[in-house]
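Chemist: with the input below, show me the fold.
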Amino acid sequence: MAGLAGNDIYYVDDNNTDEIVELSGGGTDTIFVVKDGWYIFAANIENGTVDDNNGGAISGNELNNVLNVTSTSGNAWIWGYGGNDKITGGSGDDSLYGGYGNDTITGGLGFDQLYGDLGYTDLGGVGGNDIITGSSTTDEYGATLDEDIVYGDTAGNILNGGVGGNDNIKTGTGEDTVYGDTGANIEYGGRGGNDTINTDVGVNPYGYGSDDEVYGDAGQDLDGRGGNDIINTGKGDDHVFGDAGYDIYGGFGGNDTINAGDGDNTVYGDAQFELAAYGDGNGGYYGGIGGNDKITTGSGDDVIYGDVARTIYGGARGGNDNITSGAGDDLIYGDAGYIANYGQGGNDTITAGAGDDFIYGDAGYYLSEYGTGGNDNINAGDGNDWIFGDAGWAISAYGTGGNDTLTGGNGDDVIYGDAAYVSAYGISGNDTLNGGAGNDRLYGDYSVYGHDGAQSGGKDTLIGGSGNDFLFGGGGNDTLNGDAGNDRLYGGYGVDKLNGGAGNDTYIYVNAGGANDVITDTGGIDTVELSYDPASFTYTLGASLEHLVVDPQNTTFNDFTLIGNALANNIAASSGDDVLRGLGGNDTLDGRDGSDTMEGGTGNDTYILDNTGDVIVELSGQGTDTVVLDDELALDTNNGYTLASTLENLTFADPAANDPVYLFGNAANNIIISYSGEDDRLVGFAGNDSLDGGGGDDWLVGGTGNDTYTVDTEDDIVSELTGEGTDTVKSYVTWFLDANLEHLTLLDVPVINGSPTTQADIDAIGNDANNNITGNSGDNVIDGRGGNDVMKGGLGDDTYYIVQTGDTVTEAANAGTDTVITSRTFTLGANQENLTLSAGAGAINGTGNTLNNIIWGNSSINTLNGGSGNDELFGGQGNDTLAGGAGTDVLDGGRGNDKMSGGTGNDTFYVDSTTDVVTELAGEGTDTVISGTTFTLGANVENLILIGNAVTGTGNGGNNTITGNLRNNDLFGLGGNDTLDGGRGFDTLTGGTGNDTYLVDETNDVVVEAAGQGTDTVRSDDGVRVFTLSDNVENLVMDWVHGSETSYGYGNSSNNVFTGSDSQNQMFGEDGNDTMSLGGERDYGYGGAGNDTLNGDGSDLSGQGGNDTLNGGAGDDGLWGDMDDNIAYDGIGGNDTLNGGDGEDTLYGEAEDNIQDYGYDGGVGGNDTLNGDAGDDLIFGDVGQDISLYGKGGNDKLNGGTGDDRLIGDA
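Modeler: Numbers count the residues shown, from 1 in each chain. Just a heads-up that it's a prediction; the model follows:
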């Protein structure tokens, strides 16, 4: 037996052959030895119990074992072996050996022999005449000086044993005070009077019969004897003995052992290990203040309080005790009296005893063992608990939390589980077990399902609760109710009542008695499972049950007769020659091994055959039935099988078959399937048959009727003769329909274990008949060939071939991008995107739909109409007519003299001949012609792009954009505001009337403009460094961007507007009133003749001739006038230099500017006005009569020169 993980319980009844295997860390495990003999613990077993009234023996192992005797008679033998063991005897005369380690041994009620053996041992005989033998190790003794004997008398004496020695002090009848010393093994005896005894290390005081006070020290035996005594132990490990008086015991140090006596006593522990035992008084209180305490109550009614340490409570001598165990890991032993326990924490072990007890657990691990009787009430608490009952009536045992094991006992027990896992055992008696909400296992008596054991005859009630439960009634007439969940119910012996409740339940019969059980179940899909082996056996399913099976795993069975009902039954027999009857419903009958007779009755039944001896009984009109051949043993000597006339379907289900199989149908509509991987032959004969050969290269013959064939290799053969019906092939591979076959459907590769396999793209090819062809989810080619075919694609990007005018194509929305290739004039249907006219098909036409279509013509004369949508139309080699319709279309007539109309939308036309005609109406968008030849735009066409070898492009009266190519193009804008871009090459650009824009990319590009033809602009691109405006062209924009290299722009006699780039520019206005805009720090602007306006920013601006206006910017500008009258502004900032020249100039500086009036003729300056600004300016007037020099703020220097000047410094 191997319990694996968890706290396991093993029952051993054959000490010679039973073997237990437990792994390290596998939980705290317990063995019950239930048969006379000797059992030696295997490794990793912790606890053991002798539970045999004939005796029995167990031997522990190296672990800390808990070894008990629970039998009520018989003499047990226990040896603790290694470890710190806890050994407890039973009611017999037991022999208890501690073995190695520090052991605790309690003898029990019989005449016991307790042997400490090798190690420190606490020995206690609870009852009976005991022999106690201590450890064989050496004890610790104090130093001995004098060996004193002290006797008291009738007076109140003070008795002192002296400084050392082994003293023996016995008080007299007076009220004595006794002081011991450090001697060892010393007795202080109170012979009479109310004595006070104070001891020292190693002495053993005792009172006598009066009301004594005894005070210990570092380790003594303290004995109050008679009277109402007060005994306080000292720091040592003390032994205290009370008597029949009312005593108060205080453990104030050390690991003490206290025997309270028969009086009504109070015992107080401390933080050390404290043992309080055998208090037979009534109403005693035992309190474990700290430490690992052991308290054994006596026959009185006691109240015990534990604490956070580990505490042992024993109650083997009777009394109605009240025990609160505390937070420690406690061991509690009850007796024949009433016991009430309240678990406050820790992992507790409780033996309740023979009384009527109440036990309440908590969140700790909780083990309750009560083996000596009483009517008990147990609440296990939230921990993972083990509870064992006894011969009494267990009023109730509650598992209120954790994974609990609840065992009743021999009485009539009531056991309740909770939401966690529960194992509950009724043992014997009329028990009630309720599993609660968890997945529980409930056993009505001691005979555990699947193991040997006596079947006790209790009349038990088992309720599974809401989980998936297992219920075992055992002996007696039991009632089992699975409640919610998928439950397994086994009534055992007796006439049982079973109700699985909601869920898919299973009812188990292991013996003949189960046949008389009464099953009531109206919920779920339920199964009756037979595990019984009589010579013959007949079982009929109840009306509300679905399935009936014989379990083949447990036994070899004989012949069964299994009968279903009106529901859809699954009936499976065993290895015998069985009879199966399905009656009504759609049944599945499996006789398994043996020569079985199966009769499905009405309904669509399935028969599973595994040998040639199986017989099927079906009458005509009893439904559509299927025969499943489980393996080759069901085939005849020719490896074949032929359906009987009343059966419809046939399946060969053995994929491991080594030879081809031959499957034959009948005149009915047959479905014949083979899962063999061999080259099988399937024949349908008459009827509308469905044939699927599975793997291998199969031969499928449908015969007469409308047959369906499923093929999965291209080497499968489908045979049909003329006039044998309308037939369909379903294929997983590319398939060509043979003659006499009408329809073809491509199949998707099936999903296996939830994951789709790779779907290859396969094709479907028809024949000369009128075919219906359907694709799958891949990208299919569907070709109907001859006949008027109906073709339907799937989700992929499919291609259809149209040969006949009667061919049709059907596509669903969002089912891929599909193409129709046609030999006939064709209009795309809904959800079809592309159309191609087949080569050699002649002058046929193609029409699109509302989608964005791509339509291709052929070499003949085609008419292509795109319809609405953004279409692309390609004409081919003929003289084609293309109509784009609505939308932004692309039209390419191809070779030939084509006519193209774009319709509404911004359309693009490709032309390759000067005879191609492009037609656009007014308001039909902005359209573009892309031409590989010389071309002139028609009306309402806006743009022209030359490609290839085309040289000349001509616009129209509109605003055209005309773009050249790599050739030396001649571009003509004609009327309108045109944009002409010659591209590479030495181009000649003629704008015509209108305000035209020329894009030049070569210095040698020529711009031609006549006078009065608008205001025109040249933009020189990044490749043009020097450009000169031709006549009648007004504006120049330089786009040169090359870092430190300078570009040069030259005007003409017109009033030119110059715009520089971000690189270095030099611009020359020449004649005319020119305007320049320069932005770089190293730009130079020269106005030339005329009244020019020059704008710079960090530039040098020279007005040259004329009355010029020079405007600086934020940079450091140089502004130079001439002999004419100039106005110069430094408008924004920078340290500028303003030179007025010889004319009468007005100069406006800014902060810190240098303003000068030097003439060009060697010093004859004009009559100028010079204005500084807020900065520190330097102003020079020169020779002329300078009208005014204004400093205007700042620390200015004003020099008027030789003329008559006026200097105004300002504030």
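Chemist: and Asn1091, how many residues sit next to it?
Modeler: 18 (other CB atoms under 10 Å). Any C-beta I mention is one placed from the backbone N, CA and C, and that applies to glycine too.
Chemist: same check on Asn61?
Modeler: 20.
Chemist: what does Tyr1084 give?
Modeler: Tyr1084: 22 surrounding residues under other CB under 10 Å.
Chemist: repeat that for the one 5 residues further on.
Modeler: Number of residues near Ala1089 (other CB under 10 Å) recorded here: 15.
Chemist: what do you get for Asp880?
Modeler: 29.
Chemist: what's near enough to touch it?
Modeler: Gly857, Ile861, Asn862, Thr863, Leu864, Gly893, Gly894, Gly896, Asp898, Lys899 (CB atoms under 8 Å, 6 or more residues apart in numbering).
Chemist: same thing but at 7 Å, please
Modeler: Gly857, Ile861, Asn862, Leu864, Gly893, Gly894, Gly896, Asp898 (CB atoms under 7 Å, 6 or more residues apart in numbering).
Chemist: from these, which two are the most distant?
Modeler: For these, the farthest-apart pair by CB to CB is Leu864 and Gly896; their separation is 12.6 Å.
Chemist: who has more neighbours, those two?
Modeler: The residue with more neighbours, out of Leu864 and Gly896, is Leu864; 28 against 21, by other CB under 10 Å.
Chemist: state the helix or strand in which the closest residue to the more buried one other than its chain neighbours lies.
Modeler: In space, and not counting its chain neighbours, Leu864 is closest to Leu873: 4.5 Å by CB to CB, 6 or more residues apart in numbering. Under the criterion DSSP states H and E, the helix or strand holding Leu873 is strand 872-874.
Chemist: what residues does the helix or strand just after that strand touch?
Modeler: Next helix or strand after strand 872-874 toward the C-terminus (DSSP H and E): strand 881-883. Residues outside strand 881-883 that contact it (CB under 7 Å, 6+ apart): 863-866, 873, 875, 891, 893, 898-901, 903.
Chemist: circling back to that earlier point, how many neighbours does the residue nearest to Leu864 have?
Modeler: Number of residues near Leu873 (other CB under 10 Å) recorded here: 30.
Chemist: one step back: what lines up beside the strand holding Leu873 in the sheet?
Modeler: Applying DSSP bridges to the sheet, strand 872-874 is found paired with strand 854-856 (parallel), strand 890-892 (parallel).
Chemist: and Met1, which of the ones you listed is closest to it?
Modeler: strand 854-856 (77.3 Å).
Chemist: now do that closest one, average pLDDT.
Modeler: Averaged over strand 854-856, pLDDT sits at 98.
Chemist: list the buried ones in that strand?
Modeler: Under the neighbour-count criterion of 16 or more other CB atoms under 10 Å, strand 854-856 has Ile854, Ile855, Trp856 buried.
Chemist: next SSE after it?
Modeler: strand 863-865.
Chemist: if you count contacts, what does that next one end up packed against?
Modeler: Where contact means 3 or more CB pairs under 7 Å, 6 or more residues apart in numbering; DSSP states H and E, strand 863-865 is packed against strand 881-883.
Chemist: the strand it packs on pairs with which strands, and in what direction?
Modeler: Here, using DSSP bridges, strand 881-883 pairs with strand 863-865 (parallel), strand 899-901 (parallel).
Chemist: now for Thr409, how many residues are close by?
Modeler: Not quite, residue 409 is Gly, not Thr. Neighbour count for Gly409, taken as other CB under 10 Å: 29.
Chemist: that one bridge partners, please.
Modeler: Ile427.
Chemist: any idea how far it lies from Asp1097?
Modeler: Taking CB to CB, to the nearest Å as the measure, Gly409 falls 108 Å from Asp1097.
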